[in-house]
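Novice: Any chance you could fold what I've pasted below:
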Amino acid sequence: MAIIPITVYGDKILREKTKTVKQIDGILIKNIKDMFDTMRNANGIGLAANQVGLNKSVFVVDLKEVEGYENFKPVVMINPKIAEVSDENVIIEEGCLSLPNLRAEVERPKKILVEYIDTDEKENSLEADDLFARVILHEYDHLIGKMIPDRVSSEMKKKLQEELLQIKNRDVKVDYLITSKE
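Specialist: Next comes the predicted model:
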């Protein structure tokens with residue numbers, strides 16, 4: 001089990017679009033296992049590769065610790081694409097391991113269709129709704145260099161500035177490993 005420090009707001013890699021995965025090999029599989037270990041260690045339910053310093057279009061999701069999702073099977077999405085989104089949007093408070101202690105209301109589509117490759121190199125498409133759709137969209141945002149502050153009103157973003165600065169300066173208490181200041 002390898003726990004990797006989580007990148008936080010201010011780390012450049014979080015603002016870069018990730019690179020397409022061209023080959024699924026033993027190194028990538030180990031990275032994915034480490035991502036699951038890191039996410040679970042931090043009590044997260046989703047984690048994108050760039051959140052652990054890897055410039056790869058991959059994220060993991062595991063909702064089984066969430067009430068109502070006890071039978072959820074962990075998912076790995078490689079090179080995901082959001083194919084469809086519903087017209088119906090829902091506003092729910094979100095958090096992020098790369099934004100320790102910060103919470104904000106984010107509007108996202110209620111349902112989505114996502115296409116991706118799994119670790120067996122099979123192409124998949126999956127319909128997701130509610131929390132599962134939200135987590136996929138949140139992690140997908142990481143892969144395209146977006147974060148919660150990009151999804152809130154400019155007024156809310158101004159209110160978050162002090163917290164964002166504290167995170168950037170590592171002036172936050174966390175019970176998991178984060179990167180040191182760049």
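Novice: Quick check: chain neighbours aside, which residue is closest to the residue sitting nearest the centre point of the chain?
Specialist: Nearest residue to the geometric centre of the chain (Cα atoms, centre = their mean): Glu139, 3.0 Å. Nearest residue to Glu139, sequence neighbours excluded (Cβ to Cβ, 6 or more residues apart in numbering): Phe59, at 3.8 Å. (Glycine included, C-beta is placed from N, CA and C.)
Novice: list the contacts for the one you found?
Specialist: Contacts here follow Cβ atoms under 8 Å, 6 or more residues apart in numbering; on that basis Phe59 touches 35, 46-49, 76-77, 80, 139-140, 142-143.
Novice: What separation do you get for it and Met156?
Specialist: Spatial separation of Phe59 from Met156 under the definition Cβ to Cβ, to the nearest Å is 25 Å.
Novice: For Leu102, give its distance to Leu164.
Specialist: Taken as Cβ to Cβ, the span from Leu102 to Leu164 is 7 Å.
Novice: again with Arg40
Specialist: Arg40 is 26 Å from Leu164, by Cβ to Cβ.
Novice: Kindly report the same for Val52.
Specialist: As for Val52, its distance to Leu164 is 20 Å (criterion: Cβ to Cβ).
Novice: So the two - more neighbours on which side?
Specialist: Neighbours per residue (other Cβ atoms under 10 Å) separate Val52 from Leu164, with Val52 holding more: 24 against 18.
Novice: Quick check: the more buried one touching Ile3?
Specialist: No: here Val52 lies out of contact with Ile3, judged by Cβ atoms under 8 Å, at a distance of 9.4 Å.
Novice: shared neighbours of these two, which are they?
Specialist: 34, 38.
Novice: What strands flank the helix or strand where the residue nearest to Glu139 lies, and is each parallel or antiparallel?
Specialist: Applying DSSP states H and E as the criterion places Phe59 in strand 58-61. Partners of strand 58-61 in the sheet, by DSSP bridges, are strand 46-48 (antiparallel), strand 75-85 (antiparallel).
Novice: Quick one: the ones you listed as TSV, columns for distance to Leu177 too.
Specialist: Output for the strands paired with strand 58-61, formatted as TSV (distance: least, Cβ to Cβ, whole Å):
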stretch	distance to Leu177
strand 46-48	13
strand 75-85	22
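Novice: could you pull out the strands for the chain?
Specialist: For the chain, the strands defined by DSSP state E occupy 46-48, 58-61, 75-85, 89-96, 99-109, 111-117, 123-129.
Novice: right, so those strands: which one is the most enclosed?
Specialist: Most buried of those, by mean neighbour count (mean count of other Cβ atoms under 10 Å): strand 46-48, with a mean of 28.
Novice: quick one on the thing from earlier: wait, which of the strands of the chain is closest to Lys168?
Specialist: Closest of the strands of the chain to Lys168 is strand 99-109, at 10.1 Å (criterion: Cβ to Cβ).
Novice: Lys173: what's it in contact with?
Specialist: Contacts of Lys173 (Cβ under 8 Å, 6+ apart): 100-101.
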